[in-house]
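> coordinates for the following, if possible.
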Amino acid sequence: MQLNGVEPDPDQIKALALTNYGHFTSMLVERGEVRGLSLHMQRLARDCRQLFDVELDTERVRGYVRHALGSDARRTVVRVTVYDPALGLGNIGADADPHILVTTRPAPDAASPPLRLQAASYRREMPSVKHIGLFGALKHRRDAQREGYDDVLFVNPDGTISEIATSNIGFIRDGQVVWPRSEWLAGTTMNLINRALDEPVATEPLTLSHLGGMEAAFATNAATGVRPVAAVDSTEWPTTHKILDELRELYADIPGETV
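Next comes the predicted model:
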């Protein structure tokens, strides 16, 4: 853990527990490269303007990531959190000086198993921002796991599907990828797949009643890539499918960008 390139002291970290105002991105680093690194940096800069009214120096961010990684060549999940330790509950409207917290953890070696999801009615605050206010999402994930599921699928008040707690969800129908049309966080992995596909990608308002007509489902995020979804509630799909294999190969072939 490094804050602006050095080890933080407890007073600098406690703002994350006491105020919890900021944003982040997580990315998989392999051999010093990240798929969609420029997209991660663009999102950090965009969210920093929206939450702090400040332009973020993304080259400085990349320097902190390189420093945190050092000579470690292992596959690593890096999280970059942007927040201001000086902002508290009483002075949250003050001018901000965002700090860059970089944390690392080893990436799992084995492929992640298929997900079983429980649907729940929930909409994240400011869905388009990858903010650190995760209480609602994690509460619903906890509830789902306590019921024997792996994660939660969010359903908007109007019944349309949006996203998984920390991933996007996509479906395959008639041999084509279909994403839910909703206000959600457009993940980097999702965007990279859409760019790499030769054919136009469909986005439609989808409800739970549409799921029975899908051939397969999958989740996407930067840490695990493309991950099969085995079920949402009682609707089940095969976890092997030609298009799922193609999506995984397509994503694996996307070249990384040097940190």
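> settle this for me: residue 37 is touching residue 222, isn't it.
No: in this structure, residue 37 sits apart from residue 222 without contact. The criterion is C-beta atoms under 8 Å, and the distance is 10.2 Å. Heads up, the C-betas are built off the backbone N, CA and C, glycines and all.
> which one's more surrounded, the two?
With other C-beta atoms under 10 Å as the criterion, residue 37 and residue 222 differ in neighbour count, and residue 222 comes out ahead with 24 against 20.
> excluding chain neighbours, what is closest to that one?
residue 27 (4.9 Å; C-beta to C-beta, 6 or more residues apart in numbering).
> what residues are shared contacts of residue 37 and residue 222?
Shared contacts of residue 37 and residue 222, defined by C-beta atoms under 8 Å, 6 or more residues apart in numbering, are found at residue 27.
> look at the residue nearest to residue 222 and report its pLDDT.
Looking at residue 27, its pLDDT is 96.
> tell me which stretches of the stretch 151-259 of the chain form helices.
Listed in chain order, the helices of the stretch 151-259 of the chain (DSSP state H, counting those that start in this stretch) span residues 188-196, 242-252.
> what does the shortest one contact?
Okay, so that is helix 188-196. 25, 27, 35-36, 39-40, 43, 168, 170, 177, 179, 201, 220-222, 225-226, 247, 250-251, 253-254.
> next, the buried residues of it.
188, 189, 190, 192, 193 (16 or more other C-beta atoms under 10 Å).
> then stretch 116-124?
Per 16+ other C-beta under 10 Å, stretch 116-124 contains these buried residues: 116, 117, 118, 119, 120, 122, 123, 124.
> with adjacent residues omitted, what lies nearest to the fourth one?
Distance criterion C-beta to C-beta, 6+ apart; nearest residue to residue 119, sequence neighbours excluded, is residue 153 at 4.8 Å.
> surely the one you found touches residue 121?
No: in this structure, residue 153 sits apart from residue 121 without contact. The criterion is C-beta under 8 Å, and the distance is 10.4 Å.
> thank you, goodbye.
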